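Undergrad: okay, here's the prediction I keep looking at, along with the sequence it came from:
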Amino acid sequence: FSVTDIERLCGITKERKGPDKIGYKGIGFKSIAHITDHPQIYSNDCQFEFNRSYHPAPENFWLVVPHWIETPQIPAFIDAPSDWVTFALPLRDDVNIEELTQELNRLADEKASPALLLFLENLEELEVVNLLNDESLRIYKQSDDHEALVSSIKAIKGGKERTLGSWIVTHYPLSLSSKPIPPEALLEYENKRGLKKRDGDGKNTAISLAFRIERAGETVRFVKKDGAICAFFPVGAGENSSGLRFAVHADFLTTLNREALLPNSPWNAWLIANIPDAVMESLDLFKRNPEWHAMIYDVLPLENEGKVLFSEVTMEVIQRLRNSDIILTDEDRRWIKPA
């Protein structure tokens, strides 16, 4: 940890880690207040803590004031000094251990959100070791050896490995966008994200689409799912959906609790306006891979699909498809227009 890292954790800094990073003002770290009153951080020769008992009022002030931990006070289970960063979270007495264990076990539930790691470029795996019941869980992301676009999320629990899901993930760099960013959208993005002007013009990010698939021998089949909306992590923990047949990821602005997209946001509106281009780019990739030809018509939206702002995505995609080479002929395997 550097001084800047500590300041970010405390919420002192007003700048984001960078345009391709998700950390912002230590908001994610402060969620630990749900289970602990005394979090500790150990990083090489840097050791400090936050302690509610030192600052009982106002309510959350204790989460922004770090206190140094003297060496004799370091718990025996901490390997110090170490190149790793260790977070020790002593649980409060009112935390139900069984409920917490169930929550951790849900990470391996296919219905929970195996897409959790899908859009996090710098996180390859998550391992939970539960010393209370001697169980461990490892969730990791794996790319197909022959096709970099295919990512699978796998879990190992009790020595048994299973695949929680596989996706074809495509990326549309917004540097390719022909749509100018409205000044109010760029200003909102820079202000909400705490970015400096030098961090770019808003086009140094991308829209990613994830198409869920299943493999049966040599056959690849599309699995229709309600389209998750993701801003690195799923927005609303799976409760929000675009109504499309695939997951949509972009650097959307969200409410502070990440339960929904920020309403009336010019930046979000600009991102959504670029999704049709991302869809058409993805279809070109599908057309170039014969193994995926049969899935093309399964992933395309129908006229009644797409919720709220995303209904505009559906309408534009359908309009473009009517003028695109999207029908594969039986005889000479050519792509032709629907007409």
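TA: In hand now; what should we look at? Residues are numbered from 1 along each chain as shown.
Undergrad: and stretch 303-314, how far apart are its ends?
TA: 7 Å (CA to CA, to the nearest Å).
Undergrad: quick one: average confidence on it?
TA: For stretch 303-314, mean pLDDT is 89.
Undergrad: residues of that stretch that come out buried?
TA: 305, 306, 307, 309, 310, 311, 313, 314 (16 or more other CB atoms under 10 Å). C-betas here are computed from N, CA, C, even on glycine.
Undergrad: next one: it to chain centre, how far?
TA: 22 Å (CA atoms, centre = their mean, to the nearest Å).
Undergrad: swap in stretch 180-196?
TA: With CA atoms, centre = their mean, you get 21 Å for stretch 180-196.
Undergrad: one more: stretch 308-325?
TA: 25 Å.
Undergrad: next structured bit after the helix or strand bottoming out on mean pLDDT in the chain?
TA: Counting by mean pLDDT, DSSP states H and E, the weakest-scoring helix or strand in the chain turns out to be helix 3-10, with a mean of 80. Next helix or strand after helix 3-10 toward the C-terminus (DSSP states H and E): strand 40-43.
Undergrad: so what secondary structure elements neighbour that following strand?
TA: Applying 3 or more CB pairs under 8 Å, 6 or more residues apart in numbering; DSSP states H and E, we find strand 40-43 packed against strand 46-49, strand 85-88.
Undergrad: just how off-centre is that strand within its chain?
TA: 25 Å.
Undergrad: can you give me the end-to-end distance of stretch 144-154?
TA: 12 Å.
Undergrad: next one: stretch 35-47
TA: 21 Å.
Undergrad: report the buried residues of that stretch.
TA: Within stretch 35-47, judged by 16+ other CB under 10 Å, the buried ones are 36, 37, 38, 39, 40, 41, 42, 43, 46, 47.
Undergrad: next up, phi/psi of the second one, please.
TA: The one in question is residue 37. The phi/psi pair for residue 37 (degrees, to the nearest 10) reads phi -110, psi 10.
Undergrad: hang on, the earlier thing: need the buried residues of stretch 303-314 in TSV (columns: distance to residue 56).
TA: TSV is the format used below for those (distance: CB to CB, whole Å):
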residue	distance to residue 56
305	52
306	49
307	44
309	44
310	46
311	50
313	49
314	52
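Undergrad: just give me the closest of the residues you listed to residue 120.
TA: residue 310 (23.0 Å; CB to CB).
Undergrad: regarding residue 192, what is its secondary structure?
TA: What DSSP: H, G, I helix; E, B strand; the rest coil gives for residue 192 is helix.
Undergrad: picking up where we left off before, which one of the helices and strands packed on strand 40-43 lies nearest to residue 11?
TA: strand 46-49 (14.8 Å).
Undergrad: in its sheet, which strands sit next to the closest one, and in what direction?
TA: strand 40-43 (antiparallel), strand 67-68 (antiparallel) (DSSP bridges).
Undergrad: what's the closest of those to residue 102?
TA: Nearest to residue 102, of these and by CB to CB, is strand 40-43 at 25.2 Å.
Undergrad: run through who's touching the closest one.
TA: 1, 9, 47-49, 69, 74, 78, 80, 82, 84-90 (CB atoms under 8 Å, 6 or more residues apart in numbering).
Undergrad: now that strand: mean pLDDT?
TA: According to the model, strand 40-43 has a mean pLDDT of 92.
Undergrad: pull out the buried residues from the least confident helix or strand of the chain.
TA: Buried residues in helix 3-10 (16+ other CB under 10 Å): 5, 6, 7, 8, 9, 10.
Undergrad: got CSV for these, with distance to residue 162 too?
TA: Shown next, in CSV, are these (distance: CB to CB, whole Å):
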residue, distance to residue 162
5, 36
6, 40
7, 42
8, 37
9, 35
10, 40
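Undergrad: related to what we said a few turns ago, among the strands paired with strand 46-49, which is nearest residue 193?
TA: Between the strands paired with strand 46-49, strand 40-43 lies closest to residue 193; by CB to CB that is 24.4 Å.
Undergrad: CA atoms only: put that closest one into PDB for me.
TA: What follows is strand 40-43 as a C-alpha-only set of coordinates in PDB (Å, rounded to 0.1, in the frame of the first residue of the first chain):
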ATOM      1  CA  GLN A  40      -7.200  -4.300   9.600                       C
ATOM      2  CA  ILE A  41      -4.900  -4.000   6.600                       C
ATOM      3  CA  TYR A  42      -1.400  -5.500   6.400                       C
ATOM      4  CA  SER A  43       0.900  -4.700   3.500                       C
END
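Undergrad: in CSV: the buried residues of stretch 35-47, plus distance to residue 299.
TA: Shown next, in CSV, are these (distance: CB to CB, whole Å):
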residue, distance to residue 299
36, 43
37, 48
38, 49
39, 43
40, 47
41, 44
42, 46
43, 44
46, 48
47, 50
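Undergrad: out of these, the closest to residue 103 would be?
TA: Distance to residue 103, by CB to CB, is smallest for residue 36 among the buried residues of stretch 35-47, at 14.6 Å.
Undergrad: skip the chain neighbours and tell me the closest residue to that closest one.
TA: In space, and not counting its chain neighbours, residue 36 is closest to residue 89: 4.4 Å by CB to CB, 6 or more residues apart in numbering.
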